[in-house]
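Visitor: Would you be able to build a 3D model of this:
(one chain, ligands or ions: 1)
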Amino acid sequence: MVSVRRAGAQDAETISALNADVQAIHAEALPWRFKPPGPETFTPADAVALMATPNHLTFLAEVEAAPAGYAVAEVLRRTETGRHYAHETVYLHHISVRPAFRRNGVGSALIAAVREAGRAEGIEHVALDMWSFNDAARRFFQSQGFRLYNERMWTR
Ligand SMILES: CC(C)(COP(=O)(O)OP(=O)(O)OC[C@H]1O[C@@H](n2cnc3c(N)ncnc32)[C@H](O)[C@@H]1OP(=O)(O)O)[C@@H](O)C(=O)NCCC(=O)NCCS
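Guide: Below you'll find the predicted structure:
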């Protein structure tokens, strides 16, 4: 049984440790850009700072009290400008599930918690970006109802 709750400063070490899995995936695929996980990549102090950043929501998923995954999202409220109407989005910055717990609904439970938190703020719209190499993440996000809406290109 997976349960998801909002994380607090007392969970900083856990969130820091959970980040290593996604950091490793990024470092393996883009080693010139991402450092391999180590003591300095996403420290408990970094986790505390991120959790304390205004409008950021951090979620911890547990399976029978064992940390299984986490997510960090941001509530973005953009005011109207000359070019854009006002719009609001919950933006997913981090999501990662421990390898041993994958394909058991933990990621889905984290997305559900993010959506619910958005709805509590009156926001239905959730957005994210992901690296193009990450086919597993793409299929996961598609399973959660996300659709491609923007593309980036580079010359590398
Ligand atoms: C992406 C990730 C968060 C998914 O978490 P999860 O707990 O395994 O996801 P769920 O069990 O809720 O999966 C729900 C559905 O998503 C799809 N899905 C998830 N992982 C998939 C994979 N590796 N390949 C294909 N489809 C996948 C499936 O449809 C799955 O349903 P099913 O298991 O009944 O077939 C997890 O694989 C992960 O942590 N990956 C590494 C970190 C990462 O890449 N994060 C995203 C960076 S942007």
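Visitor: In the protein, what residue comes closest to the ligand?
Guide: Taking CB to the nearest ligand atom, the ligand has its nearest neighbour within the chain at residue 107, 2.5 Å off. Backbone N, C-alpha and C define where each C-beta goes, glycine included.
Visitor: Backbone torsions only: list them for that residue.
Guide: phi -60, psi -40 (degrees, to the nearest 10).
Visitor: That one - how many residues pack around it?
Guide: Residue 107 has 25 neighbours, counted by other CB atoms under 10 Å.
Visitor: going forward, begin numbering at 52 instead of 1
Guide: Okay, residue one is now 52; in that scheme the one you just asked about reads as residue 158.
Visitor: Tell me if I'm right that it and residue 119 touch.
Guide: No - with contacts counted by CB atoms under 8 Å, residue 158 stays clear of residue 119, the gap being 9.5 Å.
Visitor: show me what contacts the closest residue to residue 176 other than its chain neighbours?
Guide: Leaving aside its sequence neighbours, residue 176 sits nearest to residue 140 (CB to CB, 6 or more residues apart in numbering; 5.0 Å). Contacts for residue 140 (CB atoms under 8 Å, 6 or more residues apart in numbering) come out as 127, 129, 174, 176, 177, 178.
Visitor: Can you tell me which of those has the largest number of neighbours?
Guide: Counting by other CB under 10 Å, top hit in the contacts of residue 140: residue 177 with 20 neighbours.
Visitor: next one: phi and psi at the nearest residue to that residue once chain neighbours are set aside?
Guide: Excluding its sequence neighbours, the residue lying closest to residue 177 (CB to CB, 6+ apart) is residue 141, at 4.8 Å. Residue 141 adopts backbone torsions of phi -100, psi 120, taken as degrees, to the nearest 10.
Visitor: Ok, residue 57 next?
Guide: Dihedral angles for residue 57 - degrees, to the nearest 10 - are phi -70, psi 140.
Visitor: Quick check: it vs residue 143, distance?
Guide: Applying CB to CB, to the nearest Å, the value for residue 57 to residue 143 is 15 Å.
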